[in-house]
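Visitor: Coordinates only, no sequence provided:
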C-alpha cells in the first residue's frame, strides 16, 4: 500500500480536528443547560424550579431580579439560599445587614460549597452514621400545616455548634438537621434537609408540609428572592476573571479565534511545499572500500600498529582453537602445546614464532603488513 503524502496526512488531521472541535462544542452546549443543584431555574430532579412555581401559585411574590453586585433586594422579605456555591465573607455580611433589618434567611444545603455559609454562623457539618438518615420533628413550631410525617426527609449531615441560642426544628437521633435563631429584627433558618426542597423531593409526602412550615417561620410574609447569584446566574454579561471573559464574551471568543488562526498560519508557514530536493553531493553514495580505506588511514596516522598486531594475534588463537574449545587467553607456549596434542601435524615452531612476532611493540609498517598476511593464512587455513 502506497504511503500517504504529507499534504494528505495534514488534510486528514485538519478534518479530524474540526470534527473534534465540533463535537466538543456540541457537548459544551448541552453542558451549559445543566444548572447547579437546587437552582430555581433547573427542571432537573435536583433543581428547585418546582418550588419557585409552587410559591408563585401560593400567591408569594417571587422576585426574579438578577443583580450587578450581590446583595439581597431591599423589597424582599424572604431570602432562599439553596446550596449556595462558596459565598464570601463580604457577601454574608451583606446578608447579615439585610437579616438584622427584619428579613428571613432560609439557608439550606449539604454540599461542599455550603461550608463557608454554615461556618459563618458558627455551625459545622458532621457525617451521619450509615451515610444517610431520616429527619424527625423536634419543635412545635413545625405544626402549621398540621402534624406531618418526615419519613421522606432524607439527610446526610447533621449540624454541630457551640451556640445555645438556636431552636432545633428537626433532628436525626438527637442531632439537629434544621435550626432557627433570631438575628436582630430578622431570623435565620439553617438546615441540611436539601432533598426536601428539590423538584423530586416535593413529590414525596411530608416534604411540601416541611417547606410550608419553614416559610411560615418568616418574620414578614413578603417577596421571596431566590439566590441564583451563587449558582452563576448574574445580570448582564458580567464576566469574572479572564477565563470567563474568553469563554462567554463575544470579544473574548473572537480573540480566541484570531489566536487560533494566527497560530495555524505560523504553523503552515514552516512546512515545505512538496518533498525536499536532495543536493547533488547527497545523491552520490560512498562505496564500502572508501570506508575501509578511511579507517585504515586513521589507524595509520594514529600509529595503531601494536593494536592491529594484537588483533591478529587474538584472531589466530581463536580461529585455531575454536574447534578444540581452547581458551585464547592461555599463554602462547601452553596454547601451542595444547593445540599440538589435538593436531599432531601442527607446525608448532612456526606458529609460536608468529605469535611472538605479533606481540612485538616496535613493528614497522611494512613488517606489519607482512605479518598480517602471514596471520591471515593461518586464520583462513
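Guide: Perfect, thanks for sending it. Remember, predicted model here, so these are calculated numbers, not experimental data.
Visitor: Domain-wise, how is the chain divided?
Guide: Taking automatic domain parsing as the domain assignment, the record places the domains of the chain at 49-237, 239-270, 299-380.
Visitor: and residue 12, which of those is closest to it?
Guide: Across those, the minimum distance to residue 12, taken as CB to CB, is reached by domain 239-270, at 15.2 Å. Placement of C-beta: from N, CA and C, glycine included.
Visitor: circling back: please convert the domains of the chain to TSV, extending it with mean pLDDT, mean neighbour count and distance to residue 9.
Guide: Rendered in TSV, the data for those read as follows (pLDDT from 0 to 100; neighbours: other CB atoms under 10 Å; distance: least, CB to CB, whole Å):
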stretch	mean pLDDT	mean neighbour count	distance to residue 9
domain 49-237	85	18	42
domain 239-270	66	11	14
domain 299-380	84	14	47
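Visitor: Residue 169 - that's part of a strand, no?
Guide: Yes. Inclusion of residue 169 in a strand is indicated when DSSP: H, G, I helix; E, B strand; the rest coil is applied.
Visitor: so where does residue 221 fall, helix or strand?
Guide: Under the criterion of DSSP states H and E, residue 221 resides outside all helices and strands.
Visitor: Dump the domains of the chain to JSON lines, plus distance to residue 35.
Guide: Written out in JSON lines, the entries for the domains of the chain read as follows (distance: least, CB to CB, whole Å):
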{"stretch": "domain 49-237", "distance to residue 35": "7"}
{"stretch": "domain 239-270", "distance to residue 35": "16"}
{"stretch": "domain 299-380", "distance to residue 35": "80"}
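Visitor: Of those domains, which is nearest residue 20?
Guide: domain 239-270 (13.3 Å).
Visitor: what ranges do the helices span in the stretch 201-350 of the chain?
Guide: For the stretch 201-350 of the chain, the helices defined by DSSP state H, counting those that start in this stretch cover 207-216, 241-248, 250-269, 280-283, 288-301, 305-321, 332-342, 348-358.
Visitor: could I get the ones you listed as JSON lines with distance to residue 52?
Guide: What follows is the helices of the stretch 201-350 of the chain, written out as JSON lines (distance: least, CB to CB, whole Å):
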{"stretch": "helix 207-216", "distance to residue 52": "12"}
{"stretch": "helix 241-248", "distance to residue 52": "24"}
{"stretch": "helix 250-269", "distance to residue 52": "30"}
{"stretch": "helix 280-283", "distance to residue 52": "76"}
{"stretch": "helix 288-301", "distance to residue 52": "86"}
{"stretch": "helix 305-321", "distance to residue 52": "94"}
{"stretch": "helix 332-342", "distance to residue 52": "103"}
{"stretch": "helix 348-358", "distance to residue 52": "103"}
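Visitor: Which of the ones you listed sits closest to residue 378?
Guide: Using CB to CB as the criterion, the shortest distance between residue 378 and the helices of the stretch 201-350 of the chain is 5.1 Å, found for helix 305-321.
Visitor: and the closest one, what does it pack onto?
Guide: With contacts defined as 3 or more CB pairs under 8 Å, 6 or more residues apart in numbering; DSSP states H and E, helix 305-321 has these neighbours: helix 332-342, helix 348-358, helix 365-380.
Visitor: re the thing from before, between the helices of the stretch 201-350 of the chain, which one is nearest to residue 171?
Guide: With CB to CB as the criterion, residue 171 lies closest to helix 207-216 of the helices of the stretch 201-350 of the chain, at 13.2 Å.
Visitor: That closest one: how far from the chain's middle?
Guide: Average the C-alpha atoms of helix 207-216, do the same for its chain, and the two points are 42 Å apart (CA atoms, centre = their mean, to the nearest Å).
Visitor: Nearest to residue 299 among the helices and strands packed on helix 305-321 would be which one?
Guide: Checking these against residue 299 by CB to CB gives helix 365-380 as the closest, at 10.3 Å.
Visitor: isn't residue 339 right up against residue 321?
Guide: Yes. Under the criterion of CB atoms under 8 Å, residue 339 makes contact with residue 321 at 6.2 Å.
Visitor: Distance to residue 102 added to the helices and strands packed on helix 305-321, as JSON lines?
Guide: Converted to JSON lines, the helices and strands packed on helix 305-321 look like this (distance: least, CB to CB, whole Å):
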{"stretch": "helix 332-342", "distance to residue 102": "113"}
{"stretch": "helix 348-358", "distance to residue 102": "113"}
{"stretch": "helix 365-380", "distance to residue 102": "111"}
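Visitor: Go through these and name the closest to residue 153.
Guide: Evaluated over the helices and strands packed on helix 305-321, closeness to residue 153 peaks at helix 365-380, with 97.3 Å, by CB to CB.
Visitor: Return the distance of the closest one from the chain's centre.
Guide: When distances are taken as CA atoms, centre = their mean, helix 365-380 is centred 69 Å away from the chain's centroid.
Visitor: And it, what does it pack against?
Guide: In this structure, helix 365-380 makes packing contacts with helix 305-321, helix 348-358, judged by 3+ CB pairs under 8 Å, 6+ apart.
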